[in-house]
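Q: pasted the sequence and its predicted model underneath.
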Amino acid sequence: MTTGQCETSKPNTRIVDKRVGVDVDVDVDLKNFPVLLAEFSRQFPGNGVWRDGLRRMEEKNLKDMNEKWVLLHIEGAELKARKTALLKQQLRTTETNEDVN
């Protein structure tokens, strides 16, 4: 028995979740999804319950979720670069206007 809610049929492979009455895989290695783990850790600091939920998901779904977070981080970096370029351009404009006056 793992928790009060589940019985283990084989250690670290499958559990029977009594709440829903189905076998659930729990052998997914969450270390394969570092960006997803980092985001959940940031959103739910000090609360590890979400890890159990993620471990019960299919690896394909976890991979998709991780990839979406990676793409979102890339978009955020691109946006930050565009903001920096805009700021640099505007600062040059300000310097040019000061030279004219």
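A: Now that the structure is in, tell me what you want to look at. Numbers count the residues shown, from 1 in each chain.

Q: which residues touch residue 34?
A: residue 66 (Cβ atoms under 8 Å, 6 or more residues apart in numbering). C-beta coordinates here come from the backbone N, C-alpha and C atoms, glycine included.

Q: at 10 Å what do you get?
A: 66, 69, 70 (Cβ atoms under 10 Å, 6 or more residues apart in numbering).

Q: please name the residues that touch the residue most central in space within the chain.
A: By Cα atoms, centre = their mean, the chain has its centre lying nearest to residue 36, at 2.2 Å. Each residue near residue 36 by Cβ under 10 Å, 6+ apart is listed here: 30, 54, 62, 63, 64, 65, 66, 67, 68, 69, 70.

Q: assumed it was part of a helix.
A: Yes. Counting by DSSP: H, G, I helix; E, B strand; the rest coil, residue 36 is part of a helix.

Q: and stretch 46-56, how far out from the chain's middle?
A: Going by Cα atoms, centre = their mean, to the nearest Å, the spacing between the C-alpha centre of stretch 46-56 and its chain's C-alpha centre is 12 Å.

Q: so how many other residues sit close to residue 62?
A: Using other Cβ atoms under 10 Å, residue 62 is surrounded by 19 other residues.

Q: show the pLDDT at it.
A: With respect to pLDDT, residue 62 scores 97.

Q: which stretches in the chain count as helices?
A: Using DSSP state H, the helices of the chain run over residues 34-43, 49-55, 59-100.

Q: out of the ones you listed, deepest packed?
A: Comparing the helices of the chain by mean neighbour count (mean count of other Cβ atoms under 10 Å), helix 34-43 comes out on top with a mean of 15.

Q: got the angle for that one vs helix 59-100?
A: 70 degrees (axes from the mean of the first three to the mean of the last three Cα atoms, to 10 degrees).

Q: residue 43 reaches residue 50, doesn't it?
A: Yes. Between residue 43 and residue 50 there is a contact under Cβ atoms under 10 Å: 8.3 Å.

Q: circling back to that earlier point, look up how far residue 89 lies from the residue nearest to the centre of the chain.
A: For residue 36, the distance to residue 89 (Cβ to Cβ, to the nearest Å) stands at 36 Å.
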